[in-house]
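Q: The following block contains a protein sequence and its predicted model.
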Amino acid sequence: MLTQTRNFQVKAVSSDKDREIFLDVPHIVYKNDANWVPPFRSSIAKQLASENAFRQHGELQQFIALSETGKPLGRIVAAINHRLIESEGKTIGIFGYFECIEDFEVAQALLEAACQWLREHNMESVRGPIDLSTHNRCLFQVDRFDLPPMIMTPYNPSYYPEFIEKAGWEKGNDAYIYNFPLDKPLDPKFEKAYRIACKSGITFRPLRTKGEEFEQDCQNMYNLMSKAFAKNYSYIYRTQEEFMAQARELQQMADPDVFPIAEHNGEMIGFWMGLPDYNIVLKHLNGKFDWWGMIKFLWYRRQIDQGVVPVIVSLPEYRRKMVPLALIYLGMQGGIKKGKPYKRAELGWVWETNSPSRKLIEASGGKIYKTYRMYEKAL
């Protein structure tokens, strides 16, 4: 498949050289962006490799845009995730890994190449950006481009939303990230909620980060999240193997003091996932983790002074026992514990339609300060 437009072309990735060009694109797009944090090149390559677990339940095609002289201008992946189709009961494709120079014609051609591939595979609509799964990078940031992203949060140039909307795509759903300053005390009702939860038989402990205990905690988290998030917008089921692979990547980053777990009769029923913002470190590694990268990692991690909370989860039947409020209390207390460097935290992203979670977060002092958007289009 080849699309020729003006003085550039969009072509399907079909060789090792093409795959290297695909991985090069972000470094061209963001070369003058001080806020960008390069992802690990090897991690992106692994996600798209033929042996990746995604291929057991999905198909994909990578595309790149090249100038007449062969200079990379952009990239995109069209994909079919059969788990999403099964979950929603409709033939919906996805696009992801989108990166593009500030040229609308290039962006439009890349998006159309992805859409055409999905049409040829009998998809009736498309959603994105989703890098194969919502458990990977997804969503376009639509405001606050003056702020650097924290770890596990999306980031993109400000012109991406403008380009995709100009190309005729519509909003599917918005999501928010909340800012938590740690210099303001929580409402006393959160500590009260913690004491009520304890009296009702709920126990709390930190995440275990070593050996078999870590593996067991992660397996329990997988089971809990699979129950709690199954009905979320655009939720895509993943296997325990896929979940554990991501968990092991984050294992060395975990801080047990900001990762409380709630249990009842020995069963995990909720947790607050707090992580130090390792993007402060990763932006200095340029997507590589060689011996020099290790030295940089050890040096720059001393500068981490903020954290991110990607997930707060509790089984619905334990909300009346104040478990979500208790987890917020413990997570925040861990963040301000003596000797901890955290000055603030980000929480989310949270879908705009998730009213229960939003009310809880806002009651604890969180303020919306970044917005992200999922887009959709009929094919």
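A: Sure, I can see it.
Q: Please count neighbours and contacts with C-alpha atoms only from this point.
A: OK.
Q: okay but residue 147 is in contact with residue 35, surely?
A: Yes - using C-alpha atoms under 8 Å, residue 147 is in contact with residue 35, at 6.9 Å.
Q: quick one, which of these two is more surrounded?
A: Ranked by neighbour count (other C-alpha atoms under 10 Å), residue 147 and residue 35 place residue 35 first, with 16 against 12.
Q: Hmm, the more buried one is touching residue 150, no?
A: No - the pair residue 35 / residue 150 is not scored as a contact, 10.0 Å apart, by C-alpha under 8 Å.
Q: any chance you could map the strands in the stretch 151-300 of the chain?
A: 170-181, 203-206, 260-264, 267-276 (DSSP state E, counting those that start in this stretch).
Q: just the stretch 1-150 of the chain next, same as before
A: Here the stretch 1-150 of the chain has its strands, by DSSP E, counting those that start in this stretch, at 2-5, 8-12, 58-67, 72-81, 92-100, 125-128, 140-141.
Q: Dump those strands to CSV, plus mean pLDDT and distance to residue 188.
A: CSV is the format used below for the strands of the stretch 1-150 of the chain (pLDDT from 0 to 100; distance: least, C-alpha to C-alpha, whole Å):
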stretch, mean pLDDT, distance to residue 188
strand 2-5, 51, 61
strand 8-12, 96, 57
strand 58-67, 97, 48
strand 72-81, 98, 45
strand 92-100, 98, 43
strand 125-128, 98, 41
strand 140-141, 98, 34
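Q: Let's have the ones you listed in a markdown table, adding distance to residue 319 and mean neighbour count.
A: Below are the strands of the stretch 1-150 of the chain laid out as a markdown table (distance: least, C-alpha to C-alpha, whole Å; neighbours: other C-alpha atoms under 10 Å):
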| stretch | distance to residue 319 | mean neighbour count |
| --- | --- | --- |
| strand 2-5 | 53 | 12 |
| strand 8-12 | 49 | 21 |
| strand 58-67 | 36 | 21 |
| strand 72-81 | 33 | 26 |
| strand 92-100 | 34 | 26 |
| strand 125-128 | 32 | 22 |
| strand 140-141 | 31 | 25 |
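Q: if I look at the nearest residue to residue 23 once chain neighbours are set aside, how far off is residue 21?
A: Spatial nearest neighbour of residue 23, chain neighbours left out: residue 41 (6.7 Å); criterion: C-alpha to C-alpha, 6 or more residues apart in numbering. Counting by C-alpha to C-alpha, to the nearest Å, the gap from residue 41 to residue 21 is 12 Å.
Q: More neighbours: which of the two?
A: Neighbour count, other C-alpha under 10 Å: between residue 41 and residue 21, residue 21 has more, with 21 against 15.
Q: That one: what's it in contact with?
A: Shown in contact with residue 21 (C-alpha atoms under 8 Å, 6 or more residues apart in numbering): 64, 72.
Q: what residue is smack in the middle of this structure?
A: For the chain, residue 137 is the residue whose C-alpha lies nearest the centre (C-alpha atoms, centre = their mean; 4.2 Å).
Q: Flag the shaky bits of the protein, pLDDT-wise.
A: 1-6 (pLDDT under 70).
Q: domains of it?
A: Following automatic domain parsing, one gets these domains for the chain: 2-138, 180-373.
Q: Including distance to residue 160, could the ones you listed go into JSON lines?
A: Shown next, in JSON lines, are the domains of the chain (distance: least, C-alpha to C-alpha, whole Å):
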{"stretch": "domain 2-138", "distance to residue 160": "8"}
{"stretch": "domain 180-373", "distance to residue 160": "11"}
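Q: Those domains: which one's closest to residue 155?
A: Nearest of the domains of the chain to residue 155, taken as C-alpha to C-alpha: domain 2-138 at 7.3 Å.
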